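In: I need the structure of the sequence given here:
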Amino acid sequence: MTRALITILLLAGAVVSGASSAPQKQPPKAKSAAAVKAQENYSITCQVCHGPAGKGVMPGSDLTSGTWKHGGTIPAIVKTISEGVPGTAMLPAKDRFTKAEILELAKLVRSFDKKPAGRKPPVKK
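Out: Alright, predicted model coming up:
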């Protein structure tokens, strides 16, 4: 009986140790403080027009469509956020947020569109 019990325990130990060496699924990466702040700034300032997931609530405010009137690269988005868009509800944010906050906000905004950055809209004929 003792020999059988020892064998069972050894086998169980081998199974457990083998299972622990299997690749473990990594937990989701925690957001940086800057990314959390960007989400907060977006929720307070941008979400009213662009929606919680960037889909937009009015014409021209969809950040997921792949069409970027003022450029879809991070530098172009930084410029748009900083300077705003005259004649629209998009007011300049350069006096409201720091340069670092605007950069993080631009990264968040860009992440809503899963298409490659810098993609130009089709030319109308």
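
In: Please make it C-alpha for all contacts and neighbour counts, starting now.
Out: Will do.

In: What are the boundaries of the helices in the chain?
Out: 2-20, 33-41, 47-50, 74-83, 99-111 (DSSP state H).

In: lowest-confidence stretch among these?
Out: With a mean of 51, helix 2-20 has the lowest mean pLDDT of the helices of the chain.

In: Can you give me the neighbour number for the residue nearest to Val48 when sequence neighbours are not counted?
Out: In space, and not counting its chain neighbours, Val48 is closest to Val57: 7.8 Å by CA to CA, 6 or more residues apart in numbering. Residues lying near Val57 (other CA atoms under 10 Å) number 14.

In: Against Asp95, how distant is Val109?
Out: 19 Å (CA to CA, to the nearest Å).

In: between these two, who's got more neighbours?
Out: Just comparing Val109 and Asp95: by other CA under 10 Å the higher neighbour count belongs to Val109, 24 against 9.

In: I'd assumed Leu63 was in contact with the more buried one.
Out: Yes: here Val109 reaches Leu63: they are 7.0 Å apart, a contact under CA atoms under 8 Å.
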